[in-house]
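Can you look at this prediction? I've put the sequence above it.
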Amino acid sequence: MATSAALGPAREVDLPGGRIRYHETGSGAPVVFVHGLLVNADLWRKVVPAVAAAGYRCLAPDLPLGAHQIPVPNADLTPVSVADLIAAFLQRLDLTDVTLVANDTGGAITQVLLTRDRSRIGRVVLASVDSYEGFFPRPFSVLPPLAKIPGSIRLLTDTMRIRALHRLPLAFGWVAKRPVPPEIIDSYLLPSRNSAAIRKDLRRFLASVHPRYTLDAAKRFGEIDLPVLLAWARDDRVFPVSFAERLARDLPNATVRLIDDSYTFLPEDQPELLTESILEFTRLHATP
């Protein structure tokens, strides 16, 4: 379950509610990468090296969304609390003028964060993300009610032992256009399969997910004057381009860039094009 060396060495930081692991590499202005449900920092393994090589300090935390290795039994794991955890991470490491890059569920949490505490954030990249009524979108909308059934998460994680099932829509089939390497799948799925404490964390987060969080955040989008890049997979099967267009209408300083030949996991399917988009955006909106 070793995380890709491309992300830099693993470190740990104590935050309100618990300790999390993160990876750091490079130097310069900070770029923080926010992953989504049932993945971890490995999602960014093809993006971080080039961003770091371009002169940025890249930090990729493992958030407690089911693929983390350090349980956080005392942490509140609602979307608001996870957003506050990211804010605490930025504060604890004294990061300012941050470029926040988020994918999938991480994008929904980032939207909540932006309406609560954006004081350390300079610009944001939302790369195919949950929003509005689509938190979670189909077919993943079955997961929150499922999580409220005792034993369901253990059954789900045990079922995912069967590698042939990884290409199903409820697994990775609709978020990654191409098969994810087995060792990366293991990095994502083994923590919840092997640890009852991690499963409890996952269950608590899933049981709290509801569109009211993203809908409430959207009511305050007009206050967000930060530059936002909506890097969107043109072929996304979970988050259609109409999601990006709606976000672009509601966020005062947002632009859309469509990326071809990818599903939701842009860092997996099109890492070079996503990296190019991130670097162009950060240079365009660099602080003088």
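Looks like it arrived, so ask away. Residues are numbered from 1 along each chain as shown.

where exactly do the helices run in the stretch 51-200 of the chain?
Under the criterion DSSP state H, counting those that start in this stretch, the stretch 51-200 of the chain contains helices at 79-92, 105-114, 143-147, 152-159, 182-194, 196-208.

pretty sure D14 belongs to a helix, no?
No. In this structure, D14 is strand, not part of a helix, as judged by DSSP: H, G, I helix; E, B strand; the rest coil.

And for the closest residue to it other than its chain neighbours, the neighbour number?
In space, not counting the residues next to it along the chain, D14 is nearest to R92; the distance is 7.7 Å by Cβ to Cβ, 6 or more residues apart in numbering. From N, CA and C alone the C-beta is placed, and that goes for glycine too. Burial of R92 is recorded as 13 neighbouring residues (other Cβ atoms under 10 Å).

repeat for L226
L226: 16 neighbours (other Cβ under 10 Å).

re earlier: report pLDDT for the residue nearest to D14.
For R92, the model assigns a pLDDT of 98.

Grab the nearest non-local neighbour of the residue most central in space within the chain.
The residue lying closest to the centre of the chain (Cα atoms, centre = their mean) is H35, at 2.2 Å. Leaving aside its chain neighbours, H35 sits nearest to L43 (4.7 Å; criterion: Cβ to Cβ, 6+ apart).

per-residue confidence for that neighbour?
The score at L43 is 98. That number is its pLDDT.

same check, this time on the one 3 residues further on
K46 is assigned 97 on the pLDDT scale.

ok now do it, which residues does it touch?
Counting by Cβ atoms under 8 Å, 6 or more residues apart in numbering, K46 touches 6, 267-268, 271-272.

Among the residues you listed, the buried ones, what's the ChimeraX command?
Selecting only the buried entries of the contacts of K46 in ChimeraX, with 16 or more other Cβ atoms under 10 Å as the criterion:
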select :6,267,268,271
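
Narrow the contacts of K46 to those in helices?
Using DSSP state H, the subset of these located in helices is 267-268, 271-272.

Now tabulate the residues you listed in JSON lines and tack on distance to V209 and pLDDT.
Putting the ones in helices among the contacts of K46 into JSON lines (distance: Cβ to Cβ, whole Å; pLDDT from 0 to 100) gives the following:
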{"residue": "P267", "distance to V209": "22", "pLDDT": "98"}
{"residue": "E268", "distance to V209": "22", "pLDDT": "97"}
{"residue": "P271", "distance to V209": "27", "pLDDT": "98"}
{"residue": "E272", "distance to V209": "32", "pLDDT": "98"}
